[in-house]
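Student: This is a predicted model, with the sequence first.
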Amino acid sequence: MSHPSLLKLLCLSFGLLTPVAGFAADIDGSTLSLAWGIPFVGILLSIALCPLLIPTIWHHHFGKITALWSVLFLIPFTMTFGMDSSVGLVAHAMFAEYIPFIILLFSLFTVSGGILVKGNLHGSPALNTGLLAIGALLASLMGTTGAAMLLIRPLIRANDNRKHRVHVIIFFIFLVANIGGGLTPLGDPPLFIGFLKGVDFFWTARHMLMPVLICTLVLLTLFYLVDSYYYKREDEIQPQDPTPDSKLRLYGKVNFILLLGVVASVLLSGFWKPGVEFTVLGVHIELQNIARDLLLLVIAGLSMMLTAKQIRSANQFNWEPILEVGKLFAGIFITIGPVLAILRAGHAGHMAGLVSLVSEPQGAPINAMYFWLSGALSGFLDNAPTYLVFFNLAAGDAATLMGPMQQTLLAISMGSVFMGALTYIGNAPNFMVKSIATQSGIKMPSFFGYMKWSFGILIPLFLVLTVIFFLV
């Protein structure tokens, strides 16, 4: 196969990933039936249910299952709207959203995988609370996945001589794998999608600071009380420690410098506006975004070159998680297009009922409903596409949402990030943490057993947040 043909094939394969703007802009959503959303719902339900019902089949064939749902959308789309619309959809998706999205995740994943914490500490309530606090802070700098993978094994080792450890992992999922990532677009995928849509980097930091701080302080305090209760029990500490206490050592320190480079690269694309753009297949690509993506790839490459192979091996680093994310998000963004088009049609579309739930008769948004609906879907489906759905439902324009509708954008951001902690499947690191804990001999709760913890602890907290930010 020639290089031009290969490039074209790659564009067609990977460029079909975010038909959002092009599809929604070219097609009148009021003319679309809800049947166009079946493949999108099918993918999300597959992600939610298949790992529980058919785990082996899903593990080996999730890419094929996702591709099948995508084809079920693409073939009728092409037959209905024509090949030109499909090519335009592919080109816009390839260059406008999916590539920058997956490059950032790839860079954070690669760099964080090069940092190794060795040694062991005594898992006291004070130490555990401190590790959770550090993890929550790191989550906004290196992503929830990066922070979770960096700290989960040291936390497990520190507590491997204790009888009660489930609560430690559950609070870790709450804080490090979800809520801690709410301060920057680097922290959680939905916030980076907002950044790509035009939400200012520091808008997120300013407006999410108080909600994240309140949640973090409340959960850390509650965790300390629960952990202290168990720690004081006579049978809590086992006589033999599988991993005796030893001095902590940090390896791959150069990757912390590279993490600063990731932050700088993202900030660059937000502040540097040279006014230079290129048009590729009808898609306008700005120079600052090209520079950001190239810098992120260079940083990932430097991390691979400068990090000893033994470090990544000790971290059990492999490419499977990022490949899985890439494949799943490909299907999600292919099939979400018609859903967003229908939502953009507002009361004229077939989702007028959902529009009515989040807006008053006069059209004003009901921010509490945006918070709870975006959160509920994030907890049981996936928080990144959920954010995108409600972003478009609210206005679809970053300037409007950061201005007169800033409380609505805050509601969507809080719901998408915070309520990803409600289930194992709400955010990618949740299930990864659960799997690592299970492999380490911790008997983690079932899907619904986990929800007893999350609903019992988080729902009251979210009700308080609703009153503070959206009802007062």
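Tutor: Thanks, I have it. Residues are numbered from 1 along each chain as shown.
Student: Apart from its neighbours in sequence, what residue is nearest residue 263?
Tutor: Spatially, and ignoring its direct neighbours in sequence, residue 263 is nearest to residue 186 (6.5 Å; CB to CB, 6 or more residues apart in numbering). Yep, even glycine has a C-beta here, placed from its N, CA and C like the rest.
Student: Show the contacting residues for that neighbour.
Tutor: 104, 108, 140-143, 192, 262-263, 266 (CB atoms under 8 Å, 6 or more residues apart in numbering).
Student: State the helix or strand in which it lies.
Tutor: For residue 186, there is no host helix or strand (DSSP states H and E).
Student: now do residue 52
Tutor: Using DSSP H and E, residue 52 sits within helix 38-53.
Student: Report the buried residues of that helix.
Tutor: Within helix 38-53, the residues that count as buried by 16 or more other CB atoms under 10 Å are 38-40, 42-44, 46-48, 50-51.
Student: ok, now stretch 334-347?
Tutor: For stretch 334-347, the neighbour count (16+ other CB under 10 Å) marks 334-346 as buried.
Student: In space, what's closest to the spatially most central residue of the chain - neighbours in sequence excluded?
Tutor: Closest to where the C-alpha atoms of the chain average out (CA atoms, centre = their mean) is residue 189, at 3.5 Å. In this structure, residue 189 finds its nearest non-sequential neighbour in residue 384, 4.1 Å apart by CB to CB, 6+ apart.
Student: quick one: the one you found and residue 100, what's the gap?
Tutor: Separation of residue 384 from residue 100 (CB to CB, to the nearest Å) stands at 13 Å.
Student: Which of the two has more residues huddled nearby?
Tutor: residue 384 (27 against 23; other CB atoms under 10 Å).
Student: For that one, which three-state class applies?
Tutor: The local conformation at residue 384, judged by DSSP: H, G, I helix; E, B strand; the rest coil, is helix.
Student: So it is in contact with residue 329, correct?
Tutor: Yes: between residue 384 and residue 329 there is a contact at 7.2 Å, judged by CB atoms under 8 Å.
Student: Of the contacts of residue 186, keep whichever come out buried.
Tutor: 104, 108, 140-143, 192, 262, 266.
Student: What number of neighbouring residues does residue 217 come out with?
Tutor: 11.
Student: What about it? Give its phi and psi, please.
Tutor: phi -70, psi -40 (degrees, to the nearest 10).
Student: just residue 282 next, same as before
Tutor: Residue 282 adopts backbone torsions of phi 80, psi 0, taken as degrees, to the nearest 10.
Student: same deal with residue 284?
Tutor: Main-chain torsions, residue 284, degrees, to the nearest 10: phi -90, psi 120.
Student: hmm, back to that, relative to residue 358, which of the contacts of residue 186 is nearest.
Tutor: Of all the contacts of residue 186, residue 192 has the smallest distance to residue 358: 23.2 Å, by CB to CB.
Student: I'd guessed the closest one sits against residue 103; true?
Tutor: No: counting by CB under 8 Å, residue 192 does not reach residue 103; the two are 10.6 Å apart.
Student: For residue 172, which three-state class applies?
Tutor: In three-state terms, and counting by three-state DSSP, residue 172 is helix.
Student: Can you give me the neighbour number for it?
Tutor: 27.
Student: ok, now which ones touch it?
Tutor: 132, 135, 148, 151-152, 155, 433.
Student: So for it, what's the pLDDT?
Tutor: Note on residue 172: pLDDT of 97.
Student: now swap in residue 328 and tell me
Tutor: Confidence score, pLDDT, at residue 328: 80.
Student: Buried residues, the one helix or strand it maps to. List them.
Tutor: In this assignment (DSSP H and E), residue 328 forms part of helix 320-335. Neighbour counts using 16+ other CB under 10 Å place 321-322, 324-335 of helix 320-335 among the buried residues.
Student: In JSON lines, list those along with distance to residue 403.
Tutor: Listed next are these as JSON lines, based on distance: CB to CB, whole Å:
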{"residue": "321", "distance to residue 403": "37"}
{"residue": "322", "distance to residue 403": "35"}
{"residue": "324", "distance to residue 403": "37"}
{"residue": "325", "distance to residue 403": "32"}
{"residue": "326", "distance to residue 403": "34"}
{"residue": "327", "distance to residue 403": "37"}
{"residue": "328", "distance to residue 403": "33"}
{"residue": "329", "distance to residue 403": "29"}
{"residue": "330", "distance to residue 403": "33"}
{"residue": "331", "distance to residue 403": "34"}
{"residue": "332", "distance to residue 403": "29"}
{"residue": "333", "distance to residue 403": "27"}
{"residue": "334", "distance to residue 403": "31"}
{"residue": "335", "distance to residue 403": "31"}
